[in-house]
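*Asks:* Task: produce atomic coordinates for the following.
(chains A and B)
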Amino acid sequence: MRYDITLVVNGIVRRVGVPARRLLSDCLRHDLGLTGTHVGCEHGVCGCCTVLLDGEPVRSCLTFAVTVDGRQITTVEGLAGPEGMSPVQRAFAECHGLQCGFCTPGFLCTATALLRQNPTPTDEEVLEGISGNLCRCTGYQNIVKSVHRAAELMAEEEGR
Amino acid sequence: MKPAPFDYYAPRDLGEALDVLAEAGEHGKVLAGGQSLIPLLNMRLAAPERLVDINRIASLEPFEVTPDGVRIGALARHSQVERSEGIAAVQPLLRQALRLVAHPVIRNRGTVVGSLVHADPAAELPAVLALLGGSVRLARAGGVRDVPAGEFFTGPLESALEPGELAVSAHFPRLPERTGSSFVEVARRHGDYALAGVAAVVTVDDDLRVSEARVVCVGVGPVPLTADVSGWCERRPASTVDWAAVARAVQDRTEPEADIHATAEYRRHLVGVLAVRALTEAARHAL
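*Replies:* Purely as a prediction, here's the structure:
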């Protein structure tokens, strides 16, 4: 049995037929070809597959595509704007917030939502915010720096 | 594709959901937030034939502060309950516990009622419900029943929920006057299930002497273990209670088991240390 669902992915309406057991992560990657969302552990521990569901970060490997029929999804491919990379993406590049890059899509989505909710997080709030994302390269120091730097970049852009 | 195939139902109202569950019987499983169920499906530790996705049933979403406590609907997410100032004012233990549940991103999807039904003996929310003496409301086609926490948790990952039933809400009683609460735990990593944890509720009288003290322990038995330790406090002011003796009484009630993460002896040790921390912090909040 296939279900015809509609997802608004990165602002574009996408119609797709999926079996009920299709995970949102696999739907994005296999059905829609959006391979920016990475799949690590597939049981909710690593955070690589984090995407934004109506703006809130969720694990796409712990969500069925059919459950979120009709909702807005933002993946790492949708973070950049028409003028180029988002402040969070630029901050990660500037601060060397990624090494192998596998965990990066999850960190970028998580940090984007974190800074929307709390534009000036403390060190502790950053740590709590990204605590559900693992980096096997253990590059956490620079990831934390990147999130703070992204907060600065966003504040500068606000002020402009 | 990781989960085994299942028949999928996405009812729009409660009656329809109950009809599907009644027909499915023991082959039916309810999907709410999915943060415990979907990992089990992905690893094929569970393979229900029929999955009833309740995420479209709007009537299960709300939570409300009532005169005697807080009633939380089956679709209220951890993050919504954690952020609610209204709930924190009436029952602060919920926010204290929720901050220890997994990670913020998991809490955006996971539900309070789902966590109760999952009934993990190391989980925080079943312990909160047990400590406060709350209840879970179970609906089935043609009937509703409220099951007190003491009867709801029947074993590790086992509850009183029967095939054909849906947990529609849970009730957490309000914290009485002059009462403080606390939840502390030790986990290998922040956000993991705890090796051991203790929540406490302490009430003081008009002379600021401890009149009532209760604790619940997680991770050290098949279900959340509650203990009334009021007698051990001997109605003294909190600063002169022999908390170490109280903690030993709590330790004696536990039956920890060893696993890859910790020995039984270490878990027993943790319960003692955590009981002192939880009780003294709760007593401080009671003043």
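*Asks:* ok, and what's touching stretch A:135-151?
*Replies:* A:87-88, A:90-92, A:94-100, A:102-103, A:107, A:111, A:114-115, A:119-121, A:123, A:126-127, A:129-130 (C-beta atoms under 8 Å, 6 or more residues apart in numbering or on different chains). For every residue, glycine as well, the C-beta is placed using N, CA and C.
*Asks:* which of the residues you listed count as buried?
*Replies:* Buried members of the contacts of stretch A:135-151, scored by 16 or more other C-beta atoms under 10 Å in any protein chain shown, are A:87-88, A:90-92, A:95, A:97-98, A:102-103, A:107, A:111, A:114-115, A:121, A:126, A:129-130.
*Asks:* restrict the contacts of stretch A:135-151 to contacts with chain B.
*Replies:* When C-beta under 8 Å from any C-beta of the partner chain is applied, the members of the contacts of stretch A:135-151 adjacent to chain B are A:Gly129.
*Asks:* how near is B:Arg178 to B:Leu132?
*Replies:* 16 Å (C-beta to C-beta, to the nearest Å).
*Asks:* Those two - which one has more neighbours?
*Replies:* Higher neighbour count among B:Arg178 and B:Leu132: B:Leu132, with 25 against 15, using other C-beta atoms under 10 Å in any protein chain shown.
*Asks:* Report the mean per-residue pLDDT for the lengthiest strand in chain B.
*Replies:* Secondary structure assigned by DSSP state E gives strand B:194-204 as the longest strand of chain B. Throughout strand B:194-204, pLDDT has a mean value of 97.
*Asks:* repeat for stretch B:222-242
*Replies:* Across stretch B:222-242, the per-residue pLDDT values average to 94.
*Asks:* Which of the helices or strands spans residue 151?
*Replies:* No chain was given, so I picked chain A. Taking DSSP states H and E as the definition, one finds A:Ala151 inside helix A:140-159.
*Asks:* think we crossed wires, I meant chain B
*Replies:* helix B:149-152.
*Asks:* mind listing what's buried in that helix?
*Replies:* Buried, per 16+ other C-beta under 10 Å, within helix B:149-152: B:Ala149, B:Phe152.
*Asks:* what residues does that helix touch?
*Replies:* By C-beta under 8 Å, 6+ apart, helix B:149-152 touches B:116, B:119, B:126, B:129-130, B:132-136, B:159-160, B:226.
*Asks:* Most neighbours among the residues you listed, please name it.
*Replies:* Busiest of these [other C-beta under 10 Å] is B:Leu129, holding 29 neighbours.
*Asks:* Checking my notes, that one in a strand, right?
*Replies:* No: judged by DSSP: H, G, I helix; E, B strand; the rest coil, B:Leu129 forms no part of a strand; its state is helix.
*Asks:* Need the three-state assignment for the residue nearest to the spatial centre of chain A.
*Replies:* The centre of chain A sits closest to A:Cys109, judged by C-alpha atoms, centre = their mean, with a distance of 2.4 Å. Recorded secondary structure, A:Cys109: helix (three-state DSSP).
*Asks:* can you pull the contacts of whatever residue of the stretch 51-200 of chain B ends up closest to chain A?
*Replies:* With C-beta to the nearest C-beta, the shortest gap between the stretch 51-200 of chain B and chain A falls at B:His103, namely 2.8 Å. Contacts for B:His103 (C-beta under 8 Å, 6+ apart) come out as A:Gly47, A:Ser131, A:Gly132, B:Gly191.
*Asks:* Spatially nearest residue to it (excluding sequence neighbours)?
*Replies:* Nearest residue to B:His103, sequence neighbours excluded (C-beta to C-beta, 6 or more residues apart in numbering or on different chains): A:Gly132, at 2.8 Å.
*Asks:* what pLDDT does residue 49 get?
*Replies:* Because you didn't say which chain, this covers chain A. Looking at A:Cys49, the pLDDT reads 98.
*Asks:* actually chain B
*Replies:* Looking at B:Glu49, the pLDDT reads 97.
*Asks:* out of everything not next to it in sequence, what's closest to it?
*Replies:* B:His27 (4.0 Å).
*Asks:* So that neighbour is in contact with B:Pro48, correct?
*Replies:* Yes: using C-beta atoms under 8 Å, B:His27 makes contact with B:Pro48 at a distance of 6.5 Å.
*Asks:* From chain A, how far off is the residue nearest to B:Glu49?
*Replies:* From B:His27 across to chain A, the span is 15 Å (C-beta to the nearest C-beta, to the nearest Å).
*Asks:* And that residue, its phi and psi?
*Replies:* Backbone dihedrals for B:His27, given as degrees, to the nearest 10, come out at phi -90, psi -10.
*Asks:* Where does B:Val144 fall, secondary structure wise?
*Replies:* Residue-wise, B:Val144 maps onto strand B:143-148 under DSSP H and E.
*Asks:* Convert the C-alpha atoms of that strand to PDB, please.
*Replies:* Taking C-alpha atoms only, strand B:143-148 is exported to PDB below (Å, rounded to 0.1, in the frame of the first residue of the first chain):
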ATOM      1  CA  GLY B 143     -15.600   3.000  28.000                       C
ATOM      2  CA  VAL B 144     -13.100   5.000  29.900                       C
ATOM      3  CA  ARG B 145     -11.100   4.100  33.100                       C
ATOM      4  CA  ASP B 146      -8.600   6.000  35.300                       C
ATOM      5  CA  VAL B 147      -5.800   3.800  36.500                       C
ATOM      6  CA  PRO B 148      -3.700   5.100  39.500                       C
END
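*Asks:* domains of chain B?
*Replies:* Following automatic domain parsing, chain B resolves into domains at B:7-53, B:58-173, B:179-286.
*Asks:* Report the distance from the last one to the chain centre.
*Replies:* So the one you mean is domain B:179-286. 16 Å (C-alpha atoms, centre = their mean, to the nearest Å).
*Asks:* got it, and the second one?
*Replies:* Domain B:58-173 has its average C-alpha position 6 Å from the chain's average C-alpha position, going by C-alpha atoms, centre = their mean.
*Asks:* what about it, how long is it end to end?
*Replies:* 24 Å (C-alpha to C-alpha, to the nearest Å).
*Asks:* Please apply the same query to the first one.
*Replies:* The distance separating the two terminal residues of domain B:7-53, taken as C-alpha to C-alpha, comes to 11 Å.
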